[in-house]
Structure formats: C-alpha cells, structure tokens
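Enquirer: here is my input; please provide its structure:
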Amino acid sequence: MPRTIRTLTANDVETLVDWAAGEGWNPGIGDAAALRAADPEGFIGAFVGGEMAAGISAVAYGAGFGFIGLYICRPDRRGEGHGKAVWDAGTTRLGNRIIGLDGVAEQQANYQRKGFVPAYETVRYSGALGLAGGSDLRPVASMAEIFAYDRQCFPAPREAFLREWLQPPRLALMSAGPAGTAGYGVARRCREGFKVGPLFADDMDIALALAAGLAGEAGGEALHIDVPATQVGFTAMLQAAGMVAGFTTTRMYKGGKPGNAPSKVFGITTLELG
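Expert: Now for the predicted structure:
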C-alpha cells in the first residue's frame, strides 16, 4: 500500500503526543496545541491506508534555526521505512538552517552519521524540591519582557509559541531585579508530576528560587527538569534538595552552533521543540 507524506492536522499532533506518552516520554497535558503554535506546518506524518505510521516535528524558528523532535514510528509499522521517510521530509523542510535535536543514547551514533555534532548532555532531575522560593518572584505580566529575555537564552525568536506556552493552566513566574527581568520559568502538568521548562535565569540562585517558586505553585508535587549537565553547581543543589538524576539525552546540532547564552539555561523548554 502506498505511503503518503503530509502535514499533520491538530488532531494528528494530538495522536503523536499520545504516542510520545506511550513511549514513556511523559508529555504535558495539553502540549499538542502549544507545540503546534510554534509552527503549524512543522509537524509531518507518514500515512498508509489513511492511518499514521510515523511522525516527526520539524519546527522552523525563522530562517536561521530549526528543531527536530517527536520522531516516532508506530511499533507495528517499524522496519518499513516510514521513520526514514518522515525524517527525510522534516530535514528537507528545515533546509540550510542550523538544526537542533535532543538524542537518546542509542540514536546518537545514527545522528552523528547524519551530520549532527554533540553539544552537551541533558540530565532529567525528578522529585519534590525542598527549597523556599524567593521574594522577588511574580507572575508574568509583560510578554514583551519575556520575549526579550527569552531571546538571550533561546537560539531564535519564538513569540507565537511563548504566547501559548505561558497561558494557564501552565504556571509561569519571573524574577525581576534592579536592571529588569533576571529570569523566568514555566511548569506544566504532565502525565506524571510537573515538568519545568524553560528555566532561564541570570545565575544559579535565581534559577533555584524560580524552581522553588514553581514547586510551591504546583502544590509540592514531583517536578521534572531537563538540565544541561554543564550546570554543575545547579545540579548539585537540586540533588541536595532531594531531586534524583535519571533520563539523559544529548543536545546535538547540525550546520553550526546557535548563538544563545548557554550559561543562562538551567532547564530546557522541551525535548520536542528545544
């Protein structure tokens, strides 16, 4: 039966996120609509007999940067070339942009053969966070301030995504210092606990205060934060506060490295979109 490659509908993206849950990736409740807001044309599927066999997100952030995620083939259709078909469609769509992805250990050699270069390891820290939030935290009131701060930390503008990502029921806090915005963080309910991301801050103390504030907003439920392993002091503090290291991925890029400030990234936004 012939294979068809096409852009996913909103319902198809919901299905793909459900597949991610089945793989144990613990996506957020309501993630599909927010992810799709980043680039509605950036979700691609392979269909056989009218049913999706594989999917991928290949989200373009402007003309210079893109990100690959949600790369899943349905278990009963593996080995038939559908995964390669959506991969080829996704990377073709992103063209000559710098492309990022978060690769699991068993796929990293494959990605390296495709031209992706490891940048840093990301470690998921999970558990209840036994810290107090800072007094300079407040709900996000100015999207313009968030857009400007996010642009320091993320490789490209993503205003459409952030407008959706910071909406309730997600929890969002920012830290305001004498010079203006000093960091912000978002937590969203997932199938298990809450994921925190992004967690961007000027320094470790602000990042810890934001994480603790979000933990309080989440009612003390377990948090999951995907932290660049280069943030050694921050991860030590998370462990001292009761969180446990688990799942790891490696951030990889093809076509060069983006020019954002990695020192301010204490928790990546999502494994799906960077």
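
Enquirer: please make it C-alpha for all contacts and neighbour counts, starting now.
Expert: Will do.

Enquirer: neighbours of C190, how many?
Expert: For C190, the neighbour count with other CA atoms under 10 Å is 18.

Enquirer: just G274 next, same as before
Expert: 19.

Enquirer: list the contacts for it?
Expert: Contacts here follow CA atoms under 8 Å, 6 or more residues apart in numbering; on that basis G274 touches F67, G100, L101, D102, I268.

Enquirer: likewise L166?
Expert: A172, V186.

Enquirer: where does it fall, phi/psi-wise?
Expert: Note on L166: backbone dihedrals following degrees, to the nearest 10 are phi -90, psi 10.

Enquirer: shaky segments in the stretch 1-150 of the chain?
Expert: Along the stretch 1-150 of the chain, the model assigns pLDDT under 70 to residues 133-135.

Enquirer: quick one, strands of it?
Expert: 3-7, 43-48, 51-61, 65-73, 98-103, 117-127, 137-139 (DSSP state E, counting those that start in this stretch).

Enquirer: can you redo those strands as CSV with distance to D31 and mean neighbour count?
Expert: Output for the strands of the stretch 1-150 of the chain, formatted as CSV (distance: least, CA to CA, whole Å; neighbours: other CA atoms under 10 Å):
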stretch, distance to D31, mean neighbour count
strand 3-7, 18, 17
strand 43-48, 13, 25
strand 51-61, 13, 26
strand 65-73, 12, 23
strand 98-103, 18, 24
strand 117-127, 19, 20
strand 137-139, 21, 16
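
Enquirer: do you know which of the ones you listed lies nearest W165?
Expert: Nearest of the strands of the stretch 1-150 of the chain to W165, taken as CA to CA: strand 137-139 at 13.9 Å.

Enquirer: circling back to that earlier point, which among the contacts of G274 gets closest to L238?
Expert: Checking these one by one against L238 (CA to CA), the nearest turns out to be I268, at 15.4 Å.

Enquirer: so that closest one touches L199, yeah?
Expert: Yes. Using CA atoms under 8 Å, I268 is in contact with L199, at 6.6 Å.

Enquirer: which of the two has more residues huddled nearby?
Expert: Neighbours around I268 and L199, counted as other CA under 10 Å, are more numerous at L199. The numbers are 29 against 20.

Enquirer: any idea how far A172 is from that one?
Expert: To A172, L199 is 10 Å away according to CA to CA, to the nearest Å.

Enquirer: list residues touching both of these two?
Expert: Y184, G185, V186.

Enquirer: export these to a markdown table and tack on neighbour count and secondary structure?
Expert: Putting those into a markdown table (neighbours: other CA atoms under 10 Å; DSSP: H, G, I helix; E, B strand; the rest coil) gives the following:
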| residue | neighbour count | secondary structure |
| --- | --- | --- |
| Y184 | 27 | strand |
| G185 | 27 | strand |
| V186 | 25 | strand |
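
Enquirer: ok, so of the residues you listed, who is nearest A132?
Expert: G185 (15.3 Å).

Enquirer: what is that closest one paired to in the beta sheet?
Expert: Under DSSP bridges, the beta-bridge partners of G185 are L173, L199.

Enquirer: let me see the contact set for V186.
Expert: Here V186 is in contact with L166, R170, L171, A172, L173, V196, G197, P198, L199, L214 (CA under 8 Å, 6+ apart).

Enquirer: next one: G246
Expert: V123, R124, Y125, S126 are the contacts of G246 under CA under 8 Å, 6+ apart.

Enquirer: quickly note the distance from it to V59.
Expert: 27 Å.

Enquirer: greatest separation within the contacts of G246: which pair is it?
Expert: V123 and S126 (9.7 Å).

Enquirer: what sits in contact with each of the two?
Expert: Shared contacts of V123 and S126, defined by CA under 8 Å, 6+ apart, are found at A245, G246.

Enquirer: for the stretch 151-274 of the chain, which segments count as helices?
Expert: Under the criterion DSSP state H, counting those that start in this stretch, helices of the stretch 151-274 of the chain are mapped to 159-165, 204-217, 232-240.

Enquirer: so which of those gets nearest D136?
Expert: That would be helix 204-217 among these, by CA to CA, at 8.9 Å.
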